[in-house]
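> Here is the input, now give the coordinates:
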Amino acid sequence: MGSGGMMAVTSSCKDGSKIAMDNGKYVRYTPEQVEALERLYHDCPKPSSMRRQQLIRECPILSNIEPKQIKVWFQNRRCREKQRKEASRLQAVNRKLTAMNKLLMEENDRLQKQVSQLVYENSFFRQQTQNTTLATTDTSCESVVTSGQHHLTPQHPPRDASPAGLLSIAEETLAEFLSKATGTAVEWVQMPGMKPGPDSIGIVAISHGCSGVAARACGLVGLEPTRVAEILKDRPSWFRDCRAVDIINVLSTGNGGTIELLYMQIYAPTTLAPARDFWLLRYTSVLEDGSLVICERSLNNTQNGPSMPPVQSFVRAEMLPSGYLIRPCEGGGSIIHVVDHMDLEPWSVPEVLRPLYESSTLLAQKTTMAALRHLRQISQEVSQPNATGWGRRPAALRALSQKLSRGFNEAVNGFTDDGWSMLESDGIDDVTLLVNSSPSKMMGLNLSYPNGFPSTSNSVLCAKASMLLQNVPPAILLRFLREHRSEWADSSIDAYSAAAIKAGPCSLPVSRAGCFGGQVILPLAHTIEHEEFMEVIKLENMGHYREDMIMPVDIFLLQLCSGVDENAIGTSAELVFAPIDASFSDDAPILPSGFRIIPLDSGMDSPSPNRTLDLASALEIGPTGNRASGDNAGKCGTGKSVMTIAFQFAFEMHLQESVAAMARQYVRSIIASVQRVALALSPTRIGSLGGLKPPPGTPEAVTLARWISQSYRCYLGVELLKDEGSESILKSLWHHSDAILCCSMKALPVFTFSNQAGLDMLETTLVALQDIALEKIFDENGRKTLCSEFPQIMQQGFICLQGGICVSSMGRPISYERAVAWKVLNDEENAHCISFMFINWSFV
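Numbering: from 1, shown residues only. Take a look at the predicted model:
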């Protein structure tokens, strides 16, 4: 901060508190004048000419200064402020690059050691192989085969769990953890899809060839080591799948460290597998170089000390030496190494689900990277603590997202100690129903509202199911479910759910599928890398149940969405939502429902170029339909995933039977809708899909795109698309900014194809598009114009329509600047369909 300025003879930013007079003499500002100017600057850094004159009038101490001089002082002051901020930013960037450089040099040293070790092991095994070929019996093969079979390893004698024995285990755990974090105990390979760089989360690797699943990450965080340690120890705050961590015992060690005995429970990700729990030792200590270490391991085989017997509904998993190495960084912040190494006992789940428990990539995404992301988020909030979405501070928004996530996990798992009990099946076991009437569950649903009436709902019913999906990327399916809610949701049940969390009784809904008003998505908050975001969904003009009357009101849902980036490998895609009151108070009851889709691709851990698939793939049929880009072709074509659905409903106990029947039917209808959508989005032959068979002679999408483009050029004499080969024509058409639609040449034309802009305009999907008649989208004037001009299309091949109004499938009016319609000819020069292009359209 400087203490003054000078006049416009030279507007240098670096000068002090001088006034440059026209005769060349400099007069300094007095300290009182500088103080007054600084005060004014903090109130208004860029005053107008009138404001500057007003300042001189209001501040007698400035009366001998010309307005021009005041103007130059403010210019110089702004310039110095800008320079100071830029210098501060560059210093911060420089510190970060220095730390990152140090990290990369250490990583390079570690990799060189790993290469040396691999070269040594390779020569050793070659020597062994030569020796064994001379021997009469080959025992090395037997040892190689059995070494990979975890369950055949001999049991070690029980470890001593007395205080002295625990300290010995702790020191051993520390050494093993450090050898994984910075040494060569595990062969680490870069995680597929990760792009290292100064703005990336850090360096992320997964294990290759070791027992269990393991992941490692190192990165920089702008928080001090003790704060980092405090955050990481509070696992439920950042690890969404962590149900609870109970500290059973704490011991202090002679070297200033701490040993804790922990019992940890992890939610199951799906209804098809049991949850996991861990009995752990956690050792916190400070190394000689000042680094802070927190390391953990399972205590599954001990004696002479505390133990944790098996717990019902949980499978006891094993944590191998894991933890966090936190080093102070020059200039502030920390360098962090994270290692997660577990054996999740995959034998305990159905074979189709085992990739979930055998994938180091999934472990990295859900645990290792989650830790670093959370630390970066906290660091950003510390530096920018201002309120964001809807006037809420970042910490409050984070608490809301955790509440949604935890509520959904509780619904999926349905633990008896949370008060859940199962209802009898109706003979078909596809949907599981549970009921919860425990006071703790209902606490959030019995709040008194401003009108003085408490909510009458006294129980919660959960309907849940899991299904296997083939050939559809989780991110794309989830994006569709988010953007096209009307394709699967029943508006009357949304209205019932919203009414159930409010005061006053509500009657059971009558199914009105498809009777949606508009859906408006209002952004609320997102994480740094946008891998998770929260939003409020406003469903307009919905039937709201109140005292047996249906009243059209707006309904609000709080929604959490993650995993929508199809380029991220091994990421679960999640859409969780809960009805909220329009007041959106912090203590509002939240009863989450939603979807979780987890990839089951067993090849996930093998590094290979990632495939990007856009919705245009849904249009590809025939031989090109299964083609995937890069080396991943074939593998992605048969990708499996497991989808878990859980919906919760608050209800009055005497209505249990009716609500159970409604919930069961609703979830079954959602499953059917999801299967239909998944088939439509799957890059396989559309002709082989039941219920989605195109008419005989329907061309491949690539061919149709070529016909549309060629016909436009033929009739209008200009290019519609930039031609770069047949596949890119389809892509260009799909991403064209104007809405392009094709309709059949029948007595009652219906739409047969649309690009993304067209689907957005009509607020529909590729599946539902074929049910929309051409005349339905035009208003009365548009229909008359179309009828009178239609013969002209057939005669001259095209027509240009003036701007007008059309209507989306949701009934929303759309204005367009102009439209073009042209005849699409096939390779035999016969008319195949009519194509429309709506230019510069927007919702009215």
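
> the helices in the stretch 151-300 of the chain, which residues?
Using DSSP state H, counting those that start in this stretch, the helices of the stretch 151-300 of the chain run over residues 163-181, 225-233.

> Which one of the ones you listed lies nearest to Leu287?
Taking Cβ to Cβ, helix 163-181 is the member of the helices of the stretch 151-300 of the chain nearest to Leu287, at 8.5 Å. All C-beta atoms are positioned from the backbone trio N, CA, C, and that covers glycine.

> Now do the buried residues in that closest one.
165-167, 169-171, 173-174, 176-178, 180-181 (16 or more other Cβ atoms under 10 Å).

> Mind putting the helices of the stretch 151-300 of the chain into a markdown table with distance to Glu66?
Below are the helices of the stretch 151-300 of the chain laid out as a markdown table (distance: least, Cβ to Cβ, whole Å):
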| stretch | distance to Glu66 |
| --- | --- |
| helix 163-181 | 65 |
| helix 225-233 | 52 |
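
> out of those helices, which comes closest to Arg52?
Of the helices of the stretch 151-300 of the chain, nearest to Arg52 by Cβ to Cβ is helix 225-233, at 45.4 Å.

> elements contacting whichever strand or helix holds Asp494?
Asp494 belongs to helix 491-500 when assigned by DSSP states H and E. Packed against helix 491-500, as judged by 3 or more Cβ pairs under 8 Å, 6 or more residues apart in numbering; DSSP states H and E, are the following elements: strand 532-546, strand 549-562, strand 573-580, strand 640-651.

> TSV please, covering those and showing distance to Met308.
What follows is the helices and strands packed on helix 491-500, written out as TSV (distance: least, Cβ to Cβ, whole Å):
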stretch	distance to Met308
strand 532-546	33
strand 549-562	32
strand 573-580	30
strand 640-651	28
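
> circling back: so how far is the helix holding Asp494 off the chain centroid?
Distance of helix 491-500 from the chain centroid (Cα atoms, centre = their mean, to the nearest Å) equals 26 Å.

> of all the buried residues of helix 163-181, which comes closest to Asn830?
Nearest member of those to Asn830, counting by Cβ to Cβ, is Lys180, at 67.8 Å.

> Check the helices and strands packed on helix 491-500 for me: which has the lowest mean pLDDT.
The minimum mean pLDDT among these belongs to strand 532-546 (a mean of 73).

> picking that back up, name the residues of the helix holding Asp494 that come out as buried.
491-500.

> same deal with stretch 775-782?
777-778, 782.

> Which of those fall within helices?
Gly782 (DSSP state H).

> what ranges do the strands span in the stretch 701-844 of the chain?
739-743, 751-754, 798-807, 813-825, 831-839, 842-843 (DSSP state E, counting those that start in this stretch).

> now the ones you listed in a markdown table, with distance to Phe480?
Output for the strands of the stretch 701-844 of the chain, formatted as a markdown table (distance: least, Cβ to Cβ, whole Å):
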| stretch | distance to Phe480 |
| --- | --- |
| strand 739-743 | 19 |
| strand 751-754 | 15 |
| strand 798-807 | 23 |
| strand 813-825 | 21 |
| strand 831-839 | 23 |
| strand 842-843 | 20 |
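
> Which of the ones you listed sits closest to Ala399?
Going by Cβ to Cβ, the one of the strands of the stretch 701-844 of the chain nearest Ala399 is strand 842-843, 34.5 Å.

> Tell me the helices and strands packed up against that closest one.
strand 813-825.

> Longest helix in the chain, please.
Secondary structure of the chain per DSSP H: the longest helix is helix 67-134.

> tell me what that one is packed against?
helix 31-43, helix 49-58, helix 140-147, strand 203-207, strand 213-221, strand 334-343.

> Which one, of those, ends up nearest to Gln114?
Closest to Gln114 of these, according to Cβ to Cβ: strand 203-207, at 10.8 Å.

> What pairs with that closest one, parallel or antiparallel?
Here strand 203-207 has these sheet partners by DSSP bridges: strand 188-190 (antiparallel), strand 213-221 (antiparallel).

> and the angle for it with strand 334-343?
Interaxial angle of strand 203-207 relative to strand 334-343 (axes from the mean of the first three to the mean of the last three Cα atoms, to 10 degrees): 20 degrees.

> pLDDT on stretch 343-360, on average?
Here stretch 343-360 scores 90 as its mean pLDDT.

> is it true that Gln470 touches Leu679?
No - Gln470 is not in contact with Leu679 according to Cβ atoms under 8 Å; the separation is 9.4 Å.

> ok, these two, which is more surrounded?
Leu679 (21 against 14; other Cβ atoms under 10 Å).

> so the helix or strand that contains that one versus helix 491-500, what angle?
Assessed by DSSP H and E, Leu679 sits inside helix 656-681. Angle, helix 656-681 to helix 491-500, by the same axes, to 10 degrees: 130 degrees.

> Which residues belonging to helix 656-681 are considered buried?
656, 659-660, 662-667, 669-671, 673-674, 676-681.

> next one: stretch 75-87
Going by 16+ other Cβ under 10 Å, stretch 75-87 has these buried residues: 76-77, 79-80.

> Would you mind writing the CA trace of it as PDB?
Coordinates of each C-alpha in stretch 75-87 appear next as PDB, following Å, rounded to 0.1, in the frame of the first residue of the first chain:
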ATOM      1  CA  GLN A  75      -6.000   5.800 -10.800                       C
ATOM      2  CA  ASN A  76      -2.600   5.300  -9.200                       C
ATOM      3  CA  ARG A  77      -4.100   3.800  -6.100                       C
ATOM      4  CA  ARG A  78      -6.100   1.300  -8.200                       C
ATOM      5  CA  CYS A  79      -3.000   0.500 -10.200                       C
ATOM      6  CA  ARG A  80      -1.000  -0.200  -7.000                       C
ATOM      7  CA  GLU A  81      -3.800  -2.400  -5.700                       C
ATOM      8  CA  LYS A  82      -3.800  -4.400  -8.900                       C
ATOM      9  CA  GLN A  83       0.000  -4.800  -8.900                       C
ATOM     10  CA  ARG A  84      -0.100  -5.900  -5.200                       C
ATOM     11  CA  LYS A  85      -2.800  -8.500  -5.900                       C
ATOM     12  CA  GLU A  86      -1.000  -9.800  -9.000                       C
ATOM     13  CA  ALA A  87       2.300 -10.000  -7.100                       C
END
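
> Contact partners for the closest residue to Trp238 other than its chain neighbours?
Excluding its sequence neighbours, the residue lying closest to Trp238 (Cβ to Cβ, 6 or more residues apart in numbering) is His374, at 3.6 Å. Remark: with contacts taken as Cβ atoms under 8 Å, 6 or more residues apart in numbering, His374 is in contact with 231, 237-238.

> So His374: helix, strand or coil?
With DSSP: H, G, I helix; E, B strand; the rest coil as the basis, His374 sits in helix.

> what's the distance between it and Val221?
10 Å (Cβ to Cβ, to the nearest Å).
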